[in-house]
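Visitor: here is the input, now give the coordinates:
(6 chains)
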There are 4 protein chains.
Amino acid sequence: MSRTGPKRSESIRLAVLNAADDLLVERGFDGVTIEGIAARAGVAKQTLYRWWKSKVDILLDTLAGDARDGLAWQLGSASAEEELQRQLRRINAFFHEPAGHVLRALLGHAQTNPATARALREGFLREQRERDRAGLRAVLARHTACQTARQTGRHLDDHVVDGLLDLLLGPLYYRTLVGDRAAEPAILDATAHLVLDTAARITRSDQEPSG
Amino acid sequence: MSRTGPKRSESIRLAVLNAADDLLVERGFDGVTIEGIAARAGVAKQTLYRWWKSKVDILLDTLAGDARDGLAWQLGSASAEEELQRQLRRINAFFHEPAGHVLRALLGHAQTNPATARALREGFLREQRERDRAGLRAVLARHTACQTARQTGRHLDDHVVDGLLDLLLGPLYYRTLVGDRAAEPAILDATAHLVLDTAARITRSDQEPSG
Amino acid sequence: MSRTGPKRSESIRLAVLNAADDLLVERGFDGVTIEGIAARAGVAKQTLYRWWKSKVDILLDTLAGDARDGLAWQLGSASAEEELQRQLRRINAFFHEPAGHVLRALLGHAQTNPATARALREGFLREQRERDRAGLRAVLARHTACQTARQTGRHLDDHVVDGLLDLLLGPLYYRTLVGDRAAEPAILDATAHLVLDTAARITRSDQEPSG
Amino acid sequence: MSRTGPKRSESIRLAVLNAADDLLVERGFDGVTIEGIAARAGVAKQTLYRWWKSKVDILLDTLAGDARDGLAWQLGSASAEEELQRQLRRINAFFHEPAGHVLRALLGHAQTNPATARALREGFLREQRERDRAGLRAVLARHTACQTARQTGRHLDDHVVDGLLDLLLGPLYYRTLVGDRAAEPAILDATAHLVLDTAARITRSDQEPSG
DNA sequence: GGGTAACCGAGACGGTACGTCATGTCTTCGC
DNA sequence: GCGAAGACATGACGTACCGTCTCGGTTACCC
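Guide: Sure thing, here's the model as predicted:
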């Protein structure tokens, strides 16, 4: 680590985030300690306290970069159903990467720690939901475009899209966070199908009165 | 609290479970400590270590009684869809009771702690899933009975019922554990409807080849 | 180090006092740290905080035993002047023992730390002054007895004896605490002589009015 | 505080010495920290390290000016005994001034810190002893001049004068550094008298063989 | 009069020690 | 003979200073 000056050292920041990530994967959330991170990153404790409020804050920082990518919607030219299936499988895979473990850990800690809950919501979940809304809307737009030659997807307001996202992501998260085994492709595919079905029904009922 | 005796004191057990529960609600999971429980229950630390392996074990003990009741299927004479809706609302309400907080806390801790994950699975989730399977099967049996005058529900094997349970409970748990607001009735009702729909489709496709 | 119990371990107490003493001699007052004592004594920090308020309190505890002996008046059958000389040399020697270093350290710290000053005064200096008063009185009693066949020493009140003690001990302490070399026998002997002289003059002037 | 420049800023030096002095009086030796001095003087830590080796070095710097004055011998036309008494009272008063606190603090720290001991000796005590020797010699010269019309004082070699200084200053320093109350005028006056007495005796015995 | 060099405020950094808290084990003693 | 009380080693907490360093920005001198 370069010796630095009165400006924050980026190399130290990365060393810390890596150390925290490693410890989390190796030893679990309780095994992540400020002292442990400091020792593994070859950094003074005070340096951690200077830049982060807590170990939760450090883990949140690792999410910012990694999870954004890991949970991104990478839309291709496949059918809507296939796109949703792919996205669900991508999320499922994400949970087995280090960054996925970090998210699980923070979601876990947030269950009983209001401060963590708030930080996670405002530092990650809020924006992630925005990206998910955009992703789902894009898929639905294409889907309904095929069916009715009109982009009705954009007519769906946030509330409706949020409901669909809950239906879409719920079973996967449930299996991941509560289930005793990882989610299986079959359930993911079924979910994707159901959501499209439901979306179609909603869209149709939206249009009938105006048709 | 009875003072001593050569037999395990039941009053001490209850005092400990209550103390743990209270501390969890008041101070969150991290605020629950062996020393804190002992102090609040007016009990020696050693007494806790004698009967429970850890604070997780104590919390699991509180679940055993409370959650079984709070998550029980109380089937009445309503329609299948309404029964599912009621059950989902019951679960939703449960998460706002103390016992619900305990479950959330343990689910949270289990995310990064294999020992807790295992204990929770074997000490609670496994049996709860059994009860849920039985409940859903009962609802479906009645439902399909109405439709086709035949009890096909019992033909659904565990794997299929598990899939339906994931679809049924997923959105609710997702909203509870991950969402920033509690689940709304609308999403619960929609879920119930979808599951019945899906179950019907499965049942039908099961019967067609055989019809 | 016996392995604990609900009663204070005497062996731990001794190990701590020895460790503190050793560290003081080896590394000086600043080199004595709670962590250092704990490490050297093979004891937990918490155990130190349980029984002592600070490192000053620990050092004070070592004085209680050692300094009492090292500064004791051991009167024999020699002349008064010789007795005083011997006592001064004993004190001088004491300052080169470990316990003497502890006293110097505490006197040093007391110069700018009111809490230490108070603790040292009430925990050691007060009683030591009592012992010194008794010792000097005993010597004077014998001295004047030889000269005038009357025990006038006991007539000297505390205030006068304190003044004589300041004269007796002042030069020695001054050489020890301020001087750049240790006190030499010559100055000690001269002091002893002067004090006896002064005491005699006081005694005489006391008696004249009454004679 | 002049803003910058390639020349050492005298205003900074004074601000630092004042800050150190103030902190010592307000918070004791342990309360004097490099960071505290820097903050109070509105100066960067590096500036302190540039010009002084340690906080002890800073405090020594404050002594250089203040203590030289506070402990100076201001001889007038009074009798020898009165001159000594005045000097002792002057010293006694000095210990209650800020500079006196600094000297006490450094003497205190020197008890267990060889580096401080050495610095204090070479940076202050050595020269002060010179001044004290000169002062005492001057008083004695006048004294013996009155008595015998001959300036025998200058014949006293350093060793003898040092002994007399120890007798003169010892009780005062002892009361100040060790005693629980400040030295009283009576003991100071008695000391002054004794020292003159002793000096006279020495002078006489010096002359007899040669007479 | 433009470059250079030292001074200076600011503060990041790796450390050490602080005093506190909870852990899990062990021992004593009262009921 | 159970259980309260609590001593103990362990280890992490978050804070305060240490002494070293690097950064910009400012003068004062010298070429």
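
Visitor: who touches whatever residue of chain A ends up closest to chain D in this structure?
Guide: Nearest residue of chain A to chain D, counting by Cβ to the nearest Cβ: A:Pro6, 10.8 Å away. (C-beta placed from N, C-alpha, C; glycine too.) Residues counted as contacts of A:Pro6 (Cβ atoms under 8 Å, 6 or more residues apart in numbering or on different chains): none.

Visitor: so how far is chain C from A:Tyr49?
Guide: Plainly put, A:Tyr49 is 20 Å away from chain C if you go by Cβ to the nearest Cβ, to the nearest Å.

Visitor: which SS class is that residue?
Guide: On the three-state scheme (DSSP: H, G, I helix; E, B strand; the rest coil), A:Tyr49 is labelled helix.

Visitor: ok, the one 4 residues further on next?
Guide: Classification of A:Lys53 by three-state DSSP places it in coil.

Visitor: swap in A:Asp166?
Guide: Taken by three-state DSSP, the conformation at A:Asp166 corresponds to helix.

Visitor: list the buried residues in the helix ranked longest in chain A.
Guide: For chain A, the longest helix by residue count, based on DSSP state H, is helix A:185-210. Residues of helix A:185-210 classed as buried under the neighbour-count rule (16 or more other Cβ atoms under 10 Å in any protein chain shown) are A:187-192, A:194-196, A:198-200, A:202-203.

Visitor: quick one: average confidence on stretch A:97-106?
Guide: Confidence over stretch A:97-106 (mean pLDDT, whole number) is 97.

Visitor: for it, which outside residues touch it?
Guide: A:21-22, A:24-25, A:28-29, A:56, A:59-60, A:62-63, A:66-67, A:70, A:94-95, A:116, A:120, A:124, A:176-177, B:111-112.

Visitor: which residue does chain A bring closest to chain C?
Guide: For chain A, Cβ to the nearest Cβ, closest residue to chain C: A:Glu35, 14.7 Å.

Visitor: and that residue, how far is that from A:Ala44?
Guide: 11 Å (Cβ to Cβ, to the nearest Å).

Visitor: what is the neighbour count of A:Ala134?
Guide: Using other Cβ atoms under 10 Å in any protein chain shown, the number of residues around A:Ala134 comes to 12.

Visitor: same deal with A:Val32?
Guide: If we define neighbours as other Cβ under 10 Å, then A:Val32 has 24 of them.

Visitor: correct me if wrong: it contacts A:Val56.
Guide: No. Applying Cβ atoms under 8 Å, one finds A:Val32 not in contact with A:Val56, separated by 9.4 Å.

Visitor: which residues sit in contact with the residue nearest the centre of chain A?
Guide: The geometric centre of chain A, computed from its C-alpha atoms, lies nearest to A:Leu71 (Cα atoms, centre = their mean), at 5.1 Å. Neighbouring residues of A:Leu71 by Cβ under 8 Å, 6+ apart: A:90-91, A:94, A:128, A:131-132.

Visitor: filter the residues you listed to the buried ones?
Guide: Here, 16+ other Cβ under 10 Å leaves A:91, A:94, A:128, A:132 buried among these.

Visitor: what's the most distant pair in these?
Guide: Greatest spacing in those, by Cβ to Cβ: A:Phe94 and A:Asp132 (12.8 Å).

Visitor: contacting residues for the nearest residue in space to A:Leu177 that is not next to it in sequence?
Guide: Distance criterion Cβ to Cβ, 6 or more residues apart in numbering or on different chains; nearest residue to A:Leu177, sequence neighbours excluded, is B:Leu177 at 5.8 Å. Counting by Cβ under 8 Å, 6+ apart, B:Leu177 touches A:107, A:111, A:173, A:177-178, B:104, B:107.

Visitor: what's the angle between the strand or helix carrying A:Arg133 and helix A:185-210?
Guide: Assigned by DSSP states H and E, A:Arg133 falls within helix A:126-148. Calculated by axes from the mean of the first three to the mean of the last three Cα atoms, to 10 degrees, helix A:126-148 forms an angle of 70 degrees with helix A:185-210.

Visitor: buried residues, helix A:126-148. List them.
Guide: The neighbour-count check on helix A:126-148 (16+ other Cβ under 10 Å) flags A:128-129, A:132-133, A:135-144 as buried.

Visitor: what would the residues you listed look like in JSON lines with distance to DNA strand F and pLDDT?
Guide: Shown next, in JSON lines, are the buried residues of helix A:126-148 (distance: Cβ to the nearest atom of the strand, whole Å; pLDDT from 0 to 100):
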{"residue": "A:Gln128", "distance to DNA strand F": "26", "pLDDT": "97"}
{"residue": "A:Arg129", "distance to DNA strand F": "29", "pLDDT": "96"}
{"residue": "A:Asp132", "distance to DNA strand F": "32", "pLDDT": "97"}
{"residue": "A:Arg133", "distance to DNA strand F": "35", "pLDDT": "96"}
{"residue": "A:Gly135", "distance to DNA strand F": "36", "pLDDT": "96"}
{"residue": "A:Leu136", "distance to DNA strand F": "38", "pLDDT": "96"}
{"residue": "A:Arg137", "distance to DNA strand F": "41", "pLDDT": "94"}
{"residue": "A:Ala138", "distance to DNA strand F": "42", "pLDDT": "93"}
{"residue": "A:Val139", "distance to DNA strand F": "42", "pLDDT": "93"}
{"residue": "A:Leu140", "distance to DNA strand F": "44", "pLDDT": "91"}
{"residue": "A:Ala141", "distance to DNA strand F": "46", "pLDDT": "86"}
{"residue": "A:Arg142", "distance to DNA strand F": "48", "pLDDT": "79"}
{"residue": "A:His143", "distance to DNA strand F": "48", "pLDDT": "72"}
{"residue": "A:Thr144", "distance to DNA strand F": "50", "pLDDT": "67"}
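
Visitor: so which residues on chain A come close to chain B?
Guide: Taking Cβ under 8 Å from any Cβ of the partner chain as the contact definition, chain A meets chain B at A:24, A:28-30, A:101, A:104-105, A:107-114, A:121, A:125-126, A:163, A:166-167, A:169-175, A:177-180, A:183, A:186-187, A:190-191, A:194, A:198.

Visitor: ok, A:Gly100 to C:His193 distance?
Guide: Taking Cβ to Cβ, one finds A:Gly100 at 89 Å from C:His193.

Visitor: check contacts around the nearest residue to A:Glu127 once chain neighbours are set aside.
Guide: Distance criterion Cβ to Cβ, 6+ apart; nearest residue to A:Glu127, sequence neighbours excluded, is A:Arg68 at 7.9 Å. With contact set as Cβ under 8 Å, 6+ apart, A:Arg68 has these partners: A:127-128, A:131.

Visitor: closest one of the residues you listed to B:Arg50?
Guide: B:Arg50 lies nearest to A:Gln128 out of these, by Cβ to Cβ, at 45.5 Å.

Visitor: got the CA coordinates for stretch A:132-147 in CSV?
Guide: Output in CSV follows, covering the C-alpha atoms of stretch A:132-147 (Å, rounded to 0.1, in the frame of the first residue of the first chain):
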residue,chain,number,x,y,z
ASP,A,132,-35.5,-3.9,-11.5
ARG,A,133,-38.5,-1.8,-12.4
ALA,A,134,-36.7,-0.5,-15.5
GLY,A,135,-35.7,-4.0,-16.4
LEU,A,136,-39.1,-5.5,-16.0
ARG,A,137,-40.7,-2.7,-17.8
ALA,A,138,-38.4,-3.2,-20.7
VAL,A,139,-39.2,-6.8,-20.9
LEU,A,140,-42.9,-6.2,-20.7
ALA,A,141,-42.8,-3.5,-23.3
ARG,A,142,-41.2,-5.8,-25.8
HIS,A,143,-43.6,-8.6,-24.8
THR,A,144,-46.8,-6.6,-25.3
ALA,A,145,-45.3,-5.0,-28.3
CYS,A,146,-45.2,-8.4,-29.9
GLN,A,147,-48.6,-9.2,-28.9
